[in-house]
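**Student:** Sharing a model prediction with you, sequence too.
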Amino acid sequence: MSLPIPSVQLYTLAAEFTADPGGSLDRLAAIGLRNVEAFDFVRRPAEIRAALDASGLAAPTGHAPLLSDELWTPDGSIPTPAPEVVFEAAAEIGISTVIDPFVDPARWVTADGIADIAERLNKAADVAATFGLNVGYHNHAQEFLIDVDGKSGFEHFVSLTDERVAIELDLFWALTGGQDVPALVQRLGSRLVAVHVKDGIVPVPNPFAPDADRSATRQLDQRRPGEGQVPLVEAMQVASDVKYAVIEYDQAPGDVFDDIAASYAFLLEKGLAA
């Protein structure tokens with residue numbers, strides 16, 4: 001079993017990347033990273049591809065909405081482009097797997113809603129294939145609000161998706177959703193292609209539960225790996241087919257590049273990535 005490849009979700013340094021794409025990527029390369037996970041790439045594929053090429057980095061995965069007409073963000077909802085537009089931009093950048101990062105919690109509270117999300121993602125996979133691409137899904141904590149047939153809504157969703165649909169598990173948000181994270185990783189098995197390596201103190205109550213104050217996601221107590229509550233080592237040690245260990249901070253606890261470097265060092269020192 002080969003170890004995952006380290007990467008970093010560019011949302012972690014969204015402000016820095018927007019201000020200075022080339023300089024930001026150069027700093028990631030200097031840390032030792034060779035891969036990133038693209039964010040907000042659809043409106044600027046040429047710019048991102050040029051910056052990646054100049055820094056010697058690649059973006060094998062990227063986040064973009066595929067399953068919603070609008071996408072919620074902490075700064076307000078934004079309209080989403082057609083899947084064909086997303087895939088064309090991804091192909092230009094060199095992304096091979098486009099991962100939907102968020103589906104509104106209201107759509108996860110019924111079995112029918114979950115089935116609709118899975119059906120849409122399966123259809124998106126068909127469209128992506130015409131571009132030579134794959135699709136995937138990235139969780140937060142709303143996917144674990146209900147059980148369906150003895151499984152969490154999230155695992156029920158996974159069971160309804162095509163085998164070619166990649167799953168990217170955010171370990172911090174899975175714990176927020178009340179999951180035994182290592183056990184969940186084991187159950188996902190070969191469906192799990194990537195993990196988000198993120199630590200911190202789990203917010204209570206779940207900020208994605210019905211009627212919860214989602215603005216709480218702006219004040220997360222996130223910490224460097226090994227300094228919070230997430231069983232990162234145990235979870236990653238039982239992952240069988242994970243290709244990418246993606247560093248992410250929703251809010252970095254200190255200097256963002258120092259925090260990324262600490263996460264990268266953690267992965268290497270613990271033998272969790274190569």
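**Tutor:** Looks like it came in fine.
**Student:** list the contacts for the residue positioned nearest the centre of the chain?
**Tutor:** In the chain, the residue lying closest to the centroid (C-alpha atoms, centre = their mean) is His138, at 4.6 Å. With contacts taken as C-beta atoms under 8 Å, 6 or more residues apart in numbering, His138 has the following neighbours: 63, 99-102, 168-170, 196. Glycine gets a C-beta too; all of them are placed from N, C-alpha and C.
**Student:** same thing but 7 Å
**Tutor:** Contacts of His138 were listed using C-beta atoms under 7 Å, 6 or more residues apart in numbering, and they are 63, 99-101, 168, 170.
**Student:** Quick one: low-confidence residue ranges for the stretch 1-150 of the chain.
**Tutor:** Counting by pLDDT under 70, the low-confidence segments of the stretch 1-150 of the chain come to 1, 72-74.
**Student:** now the helices for it?
**Tutor:** Across the stretch 1-150 of the chain, reading from the start of the chain, the helices by DSSP state H, counting those that start in this stretch fall at 14-19, 21-31, 45-55, 83-93, 111-129.
**Student:** Contact partners for Lys198?
**Tutor:** With contact set as C-beta under 7 Å, 6+ apart, Lys198 has these partners: 170-172, 222, 230, 248-249.
**Student:** likewise Pro21?
**Tutor:** Pro21 makes contact with 47, 51, according to C-beta under 7 Å, 6+ apart.
**Student:** Reformat the helices of the stretch 1-150 of the chain as TSV; add distance to Leu267.
**Tutor:** Output for those, formatted as TSV (distance: least, C-beta to C-beta, whole Å):
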stretch	distance to Leu267
helix 14-19	21
helix 21-31	11
helix 45-55	20
helix 83-93	24
helix 111-129	28
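**Student:** Out of those, which is the most enclosed?
**Tutor:** helix 83-93 (a mean of 20; mean count of other C-beta atoms under 10 Å).
**Student:** what about the strands in the chain?
**Tutor:** Along the chain, the segments classed as strands by DSSP state E run 5-8, 35-39, 58-63, 70-71, 78-79, 97-100, 134-138, 147-148, 151-152, 166-170, 192-197, 199-201, 221-223, 244-247.
**Student:** In JSON lines, list the ones you listed along with distance to Lys123.
**Tutor:** Converted to JSON lines, the strands of the chain look like this (distance: least, C-beta to C-beta, whole Å):
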{"stretch": "strand 5-8", "distance to Lys123": "27"}
{"stretch": "strand 35-39", "distance to Lys123": "22"}
{"stretch": "strand 58-63", "distance to Lys123": "19"}
{"stretch": "strand 70-71", "distance to Lys123": "18"}
{"stretch": "strand 78-79", "distance to Lys123": "20"}
{"stretch": "strand 97-100", "distance to Lys123": "12"}
{"stretch": "strand 134-138", "distance to Lys123": "10"}
{"stretch": "strand 147-148", "distance to Lys123": "21"}
{"stretch": "strand 151-152", "distance to Lys123": "23"}
{"stretch": "strand 166-170", "distance to Lys123": "16"}
{"stretch": "strand 192-197", "distance to Lys123": "20"}
{"stretch": "strand 199-201", "distance to Lys123": "35"}
{"stretch": "strand 221-223", "distance to Lys123": "35"}
{"stretch": "strand 244-247", "distance to Lys123": "25"}
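**Student:** among those strands, which is nearest Asp126?
**Tutor:** strand 134-138 (9.4 Å; C-beta to C-beta).
**Student:** how far does the closest one sit from the chain's center?
**Tutor:** Mean-position distance between strand 134-138 and its chain equals 9 Å (C-alpha atoms, centre = their mean, to the nearest Å).
**Student:** now the angle from that strand to strand 58-63?
**Tutor:** Taking axes from the mean of the first three to the mean of the last three C-alpha atoms, to 10 degrees, one finds strand 134-138 and strand 58-63 inclined to each other by 60 degrees.
**Student:** how much space between Asn35 and Arg218?
**Tutor:** Asn35 is 28 Å from Arg218, where distance means C-beta to C-beta, to the nearest Å.
**Student:** Show me which of those two is the more surrounded one.
**Tutor:** The neighbour count for Asn35 versus Arg218, taken as other C-beta atoms under 10 Å, is higher for Asn35 (18 against 12).
**Student:** ok, for the more buried one, nearest residue in space, not its chain neighbours?
**Tutor:** Sequence neighbours aside, Ser7 is the residue nearest to Asn35 in space, at 4.1 Å (criterion: C-beta to C-beta, 6 or more residues apart in numbering).
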